[in-house]
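> I'd like to go over a predicted model; first the sequence, then the structure.
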Amino acid sequence: MFDPASTRYYVEFLRKLEGSRRPGAVPIEPAPVHTAAEIEPVIAGVAREPGGGLIVPPNPFLGANRKLVAEAAQKHRLPSVSVSRDYAAAGGLISYGPDFNDIFRRSTHYVDRILKGASPADLPVQTPTTYSLVVNLRAGHALGIEVAPSLVSRADEVIE
């Protein structure tokens with residue numbers, strides 16, 4: 001699922017996703033949504049395809065509508081994944097992505113260095129170092145999916 005207003009970002013996201021797709025895997029079908037009113041009908045269409053799932057990439061529009069997306073995915077029995085812990089907390093099945101709290105904590109060191117006179121241009125770019133896997137067992141139950149115990153045991157957080 002993607003917001004066409006973020007097309008530039010989405011093209012790169014799709015390119016990387018396609019590049020990681022294994023031969024014979026379920027095809028990746030873009031599902032654009034322009035408004036909140038389009039979310040449920042688009043998810044209903046995706047859910048009609050057998051063996052599918054929903055990837056919710058990071059995006060301000062989708063983030064703001066995460067509860068609506070998660071509820072529609074559950075209603076149509078469509079497993080879904082996102083990078084944001086907030087998505088799993090809103091009812092999505094799984095989230096796996098950077099630990100944003102860790103990123104914000106680490107950014108305080110940059111602010112401190114800038115306030116002490118460092119030039120922002122001289123500070124190195126940092127990538128996330130901590131990632132978080134959140135599994136929502138409640139969502140799995142609602143979808144009729146038994147989440148593998150090995151996945152649950154690896155999760156940083158389990159929502160029951």
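Sure, I can see it. Numbers count the residues shown, from 1 in each chain.

> helix or strand next in line after the strand or helix carrying residue 70, which one?
Using DSSP states H and E, residue 70 maps to helix 66-75. Where DSSP H and E defines the elements, the next helix or strand beyond helix 66-75 is strand 80-82.

> which element follows that following strand toward the C-terminus?
Using DSSP H and E, the helix or strand that follows strand 80-82 towards the C-terminus is helix 85-89.

> which residues touch that next one?
When contacts are defined by Cβ atoms under 8 Å, 6 or more residues apart in numbering, helix 85-89 is touched by residues 56, 63, 66, 69-70, 80, 82, 94-95, 97, 100, 132, 134-136, 139, 157, 159. In short, each C-beta sits where N, CA and C put it, glycine included.

> quick one: which of those sit in strands?
56, 80, 82, 94-95, 97, 132, 134-136, 157, 159 (DSSP state E).

> now for these: which two are most distant?
Greatest spatial distance in the ones in strands among the contacts of helix 85-89: 56 and 157, 17.7 Å, computed using Cβ to Cβ.

> who has more neighbours, these two?
When residue 56 and residue 157 are compared for neighbours, residue 56 comes out ahead with 23 against 13, by other Cβ atoms under 10 Å.

> low-confidence stretches in this structure?
7 (pLDDT under 70).

> which SS class is the residue in the chain sticking out farthest from the centre?
Ranked by distance from the centre of the chain (Cα atoms, centre = their mean), the top residue is residue 117, with 36.6 Å. Classification of residue 117 by DSSP: H, G, I helix; E, B strand; the rest coil places it in coil.

> tell me, how many residues neighbour residue 42?
17.

> wait, isn't it in contact with residue 34?
No. Assessed by Cβ atoms under 8 Å, residue 42 is found out of contact with residue 34, at 9.7 Å.

> name the nearest residue to residue 145, ignoring sequence neighbours.
Setting aside the residues directly before and after it, residue 145 is nearest to residue 79 in space (Cβ to Cβ, 6 or more residues apart in numbering), at 6.3 Å.
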